[in-house]
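> take a look and give me a structure for this.
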Amino acid sequence: MNLHYLETADDPLVADYTQLTDTALRRRREPAEGMYIAESSKVLRRAIDAGHRPRSFFLAEKWLEDLRDVIGLFPEVPVFVGTPEVLEAITGFHLHRGAMAAMHRPAPRDPAEVVAGARRVAVLEDIVDHTNVGAIFRSAAAMGMDAVLISPRCADPLYRRSIRVSMGTVFQIPWARLPEWPGGLRVLKEQGFTTAALELTEDAITLDELESRTFGRLALILGTEGAGMLPETLGQVDLKVMIPMRAGVDSLNVAAASAVAFWACRPKVSGIGG
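The predicted model follows:
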């Protein structure tokens with residue numbers, strides 16, 4: 001085990017873990033440096049199970065025994081250990097979950113390759129809230145979606161909060177960032193997908209009606225809250241879909257709406273709705 005005991009917060013070896021509370025900085029820095037942060041032993045284990053490799057481990061000493069099996073898989077990788085006070089001084093917050101790791105960010109995947117064998121795909125347009133992105137990924141994995149595509153301006157699924165909210169399912173479900181929007185939708189058209197945008201428009205069909213139809217390959221597109229989906233996107237999709245609601249409620253949070261839509265349109269296979 002390649003142990004390094006941290007005595008002060010200014011150790012240059014732990015630069016990967018500094019300023020973790022500065023969202024604007026980290027969302028620029030992490031992709032540029034080819035890394036991301038996996039927080040908590042559960043998320044860390046899921047990342048490694050998915051084939052991701054750590055750059056280093058960062059934890060309180062009491063977590064060493066719990067993670068000894070994982071750390072032992074990478075004997076050359078540095079393991080930074082410190083008191084809760086030193087770790088908090090480095091990261092900017094208290095490590096309630098006790099352990100984290102700086103991980104090598106996997107190479108971006110080709111959208112066409114990601115959806116090649118898929119029947120159900122979630123597409124996220126400009127959803128910039130990391131919590132919503134993580135929750136959507138969790139629902140997509142749970143409800144049998146096969147892949148996720150995200151627009152160029154969408155929040156990073158590998159940002160620490162996105163990963164944590166997803167409970168590590170961002171490692172489980174294949175995903176890719178589209179190079180352009182909404183032109184990137186052509187990758188779905190070329191592979192025979194019906195594209196359906198969740199948006200309240202005058203010509204929208206209900207989710208019940210969408211569920212009653214049979215689709216070999218279906219892509220559900222979710223837009224950012226507030227401004228709604230871009231008119232250019234709506235002009236390219238095959239269908240617009242609304243979720244019927246009781247009087248006095250005109251919308252759901254995008255993460256909640258995604259779970260409802262994914263469940264309604266799930267492939268009818270054993271283990272997912274029967």
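
> mind checking the pLDDT average for stretch 46-57?
Stretch 46-57 shows a mean pLDDT of 96.

> what's the spacing between the closest residue to residue 250 other than its chain neighbours and residue 182?
The spatially closest residue to residue 250, leaving aside those adjacent along the chain, is residue 200, at 7.4 Å (Cβ to Cβ, 6 or more residues apart in numbering). Heads up, the C-betas are built off the backbone N, CA and C, glycines and all. Residue 200 is 18 Å from residue 182, where distance means Cβ to Cβ, to the nearest Å.

> more neighbours: these two, which one.
Here residue 200 and residue 182 are compared on neighbour count by other Cβ atoms under 10 Å; more neighbours surround residue 182, at 22 against 14.

> could you report the separation of the more buried one from residue 154?
Residue 182 is 13 Å from residue 154, by Cβ to Cβ.

> quick one, phi psi at the most centrally placed residue in the chain?
Geometric centre of the chain, nearest residue: residue 157, 3.3 Å, by Cα atoms, centre = their mean. Backbone torsions for residue 157, taken as degrees, to the nearest 10, come to phi -60, psi -20.

> how much space is there between the closest residue to it other than its chain neighbours and residue 193?
Once flanking residues are discounted, residue 157 sits nearest to residue 170: 4.6 Å by Cβ to Cβ, 6+ apart. According to Cβ to Cβ, residue 170 and residue 193 sit 22 Å apart.

> out of these two, which sits in the more crowded spot?
residue 170 (28 against 22).

> wasn't that one part of a strand?
No: counting by DSSP: H, G, I helix; E, B strand; the rest coil, residue 170 is not part of a strand but helix.

> OK, contacts around it?
134, 137, 157, 158, 162, 163 (Cβ atoms under 8 Å, 6 or more residues apart in numbering).

> first-to-last residue distance for stretch 111-121?
Using Cα to Cα, to the nearest Å, the end-to-end distance of stretch 111-121 comes out at 11 Å.

> for stretch 196-203, that is, sorry about that
Span of stretch 196-203 from end to end, Cα to Cα: 12 Å.

> in the chain, which spans are helices?
For the chain, helices defined by DSSP state H occupy the ranges 23-33, 41-49, 68-71, 84-91, 111-115, 130-142, 160-166, 186-190, 207-212, 231-234, 254-264.

> now do the longest one and helix 254-264, the angle between them.
Helix 130-142 and helix 254-264 meet at an angle of 10 degrees, taking axes from the mean of the first three to the mean of the last three Cα atoms, to 10 degrees as the criterion.

> okay, angle between helix 130-142 and helix 23-33 too, please.
On the basis of the same axes, to 10 degrees, helix 130-142 is oriented at 50 degrees to helix 23-33.

> what's in contact with helix 130-142?
For helix 130-142, the surrounding residues in contact (Cβ under 8 Å, 6+ apart) are 23, 122, 124, 127, 148, 150, 154-157, 159, 161-167, 169-170, 172-173, 175, 222, 225, 253-255, 258-259, 262.
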